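>>> Build the 3D model from these lines:
(2 chains)
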Amino acid sequence: MSSVLYDAPGPKAKARNWIYSGIFVVLFGLVLWWALSLMGEKGQLDADKWSPFVTDSQVWTTYLLPGLVETLKAGALAMVIALPLGALLGIGRLSDHAWVRGPVGAWVEFFRAIPVLMLMLFGNALMAPRFLDVPSDTRPFWAVVTGLVLYNSAVIGEIVRAGVLSLPRGQTDAAKAIGMRKGQTMFYVLIPQAVSAMLPALVSQLVVILKDTALGGALLGYGDLLSMNRLISANYSNTIATLVVIALIYIVVNFALTTFASWLERWLRQSKKGTGAMVEADVAEVDAGGAAGVGKAP
Amino acid sequence: MFDFLDSGQYDVLGAFWVTVQLTLYSAVGSLIWGTVLAGMRVSPVPLLRGFGTAYVNLVRNTPLTLLILGCSLGLSQTLDISLGGDTFKETGFRLAVLGLIAYTGTFVCEALRSGINTVPVGQAEAARALGLSFFQVLTLIVLPQAFRAVIAPLANVLIALTKNTTVAATIGVAEAALLMKEMLENEAQAVFAVFAIFALGFVLLTLPTGLLLGWVAKRLAVKR
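Presented below is the predicted three-dimensional model:
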């Protein structure tokens, strides 16, 4: 049986499935035909709109690849800064002292509640001569990184907390039994194991970060991959083709990351070394927001 | 510190009202679209399953900014589909809602699918033993239980959606983020005050949603 919801199809069900498939193909074909004919009418299907991406290597070397590099640069830097910051926030939220737990919890909840775009705009305002006086050519980059770090360090803090909480209680008990102090328990026993439980969720978070860099291009003038659509379609007047190609690049990069994350998760589950604790990558990826999943031991 | 608000130049409440409207329309739309997608992904027809999987994986890995820009530059400006909006304002709003639904629907679909997995096999088996068809099993037995199991994850999706409506600023919809950008540019001396206003606005929008739906989720959870 292939699913809970239905039996393996018999001859009658098979015939019905063929009919449904047929109806779907016809409907899908109609929508596709309508879209393509509309695009054809506006000349968006002409060969010269699409051929630059194959024949003209300049599209790639001047626009798409540098844009992709900018996107990856901002994403990677934000991740590198947000990781240790998030780890500190996560550990702070688990502190035994209310005067640490409270403010850190408030900080995390506050920055998770605010849209990344607003944090980027705020970051941009902070880069102005009045405050930090960052040179105007690198200002968008630092504004994007500031926004991403403020938001994602809070999210990563939650992932770290979920990772530590997902460990079996026995780990803490055993560490206490051999006389470890609180700090030792955290840094020698809990964190190393939590890291393996968190890895898939962290890789998925990278997808969220890469997608969010696109905001910087659209509103702050950062030269990321998405912002290249303006330059390319200004040169070749092929708006739709450009957007499709850019979307495909994002999909390929992010799909690779997502696949890596789920491979990592399977690998960690199978390897005998871990405790089997796992932070749900999927829930953290509800992205732009949702709570990091509370890990469940299988 | 907040005296720039008295000038009457900025309609903060109006901007947040647009944010709320964007959220509500997109929430209803993506709930419907997400349910349809989830239905496809668990259906016995391989072609529908394939379409559902492909759609979710493609759209989830595309930045929302690109989807909304695509609606504006591609659909509206290049193909002249304005979704029936008469003014620039109306058109932008509708295009943003379309982009948000296309994107958020995938997250609703994934949440629902995980909810469908929490329904015990016996339920569906018993329903099939009574002679119910796939569609009846799904709509009468499985989905009602699945929905109650996924209220909390759906609340997270709704909160994420509320924050994602700010992306509509990229196509000039006059919502909170766009007004914040304008105010930050004009009131350079009051950066922190402006940020505080908009941060507070979003905390006020998202906090009650999370608390209320968390309470509802606890009340409605199917005890097993």
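>>> same for the helix or strand in which residue B:144 is found, what does it pack against?
Using DSSP states H and E, residue B:144 maps to helix B:143-149. Contacts defined by 3 or more CB pairs under 8 Å, 6 or more residues apart in numbering or on different chains; DSSP states H and E place helix B:143-149 against helix B:88-118. The C-beta positions use only the backbone N, C-alpha and C, and glycine is treated the same way.
>>> And the helix it packs on, what's buried?
B:91-116 (16 or more other CB atoms under 10 Å in any protein chain shown).
>>> okay, now residue A:114: neighbour count?
24 (other CB atoms under 10 Å in any protein chain shown).
>>> same check, this time on residue A:204
27.
>>> just residue A:55 next, same as before
So residue A:55, with other CB under 10 Å, has 11 neighbours.
>>> re the thing from before, ok, which of the buried residues of helix B:88-118 also contact chain A?
B:107, B:110-111, B:114, B:116 (CB under 8 Å from any CB of the partner chain).
>>> Let's have the residues you listed in a markdown table, adding pLDDT.
Shown next, in a markdown table, are these (pLDDT from 0 to 100):
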| residue | pLDDT |
| --- | --- |
| B:107 | 95 |
| B:110 | 92 |
| B:111 | 93 |
| B:114 | 89 |
| B:116 | 89 |
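>>> so which of the residues you listed comes closest to residue B:43?
residue B:116 (11.4 Å; CB to CB).
>>> which residues does that closest one contact?
Residue B:116 makes contact with A:4-5, B:38, B:42, B:142-143, B:146, according to CB atoms under 8 Å, 6 or more residues apart in numbering or on different chains.
>>> Let me have those residues in TSV, adding distance to residue B:134 as columns.
Output for those, formatted as TSV (distance: CB to CB, whole Å):
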residue	distance to residue B:134
A:4	11
A:5	6
B:38	14
B:42	9
B:142	10
B:143	12
B:146	15
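>>> which one among these gets closest to residue A:81?
Nearest member of the contacts of residue B:116 to residue A:81, counting by CB to CB, is residue B:38, at 36.9 Å.
>>> give me the number of residues near the residue nearest to residue B:78 when sequence neighbours are not counted?
In space, and not counting its chain neighbours, residue B:78 is closest to residue A:239: 4.9 Å by CB to CB, 6 or more residues apart in numbering or on different chains. Neighbourhood size, residue A:239 [other CB under 10 Å]: 23.
>>> Then residue A:85?
Residues near residue A:85, counting by other CB under 10 Å: 17.
>>> where does residue 182 land on pLDDT?
Going with chain A. Looking at residue A:182, its pLDDT is 88.
>>> Correction: the question concerned chain B.
Reading off the model, residue B:182 has pLDDT 91.
>>> After the strand or helix carrying it, which helix or strand is next?
Element membership for residue B:182, per DSSP H and E: helix B:176-186. Next helix or strand after helix B:176-186 toward the C-terminus (DSSP H and E): helix B:191-220.
>>> Packing partners of the helix holding residue B:182?
Counting by 3+ CB pairs under 8 Å, 6+ apart, the elements that helix B:176-186 packs against turn out to be helix A:116-126, helix B:12-41, helix B:191-220.
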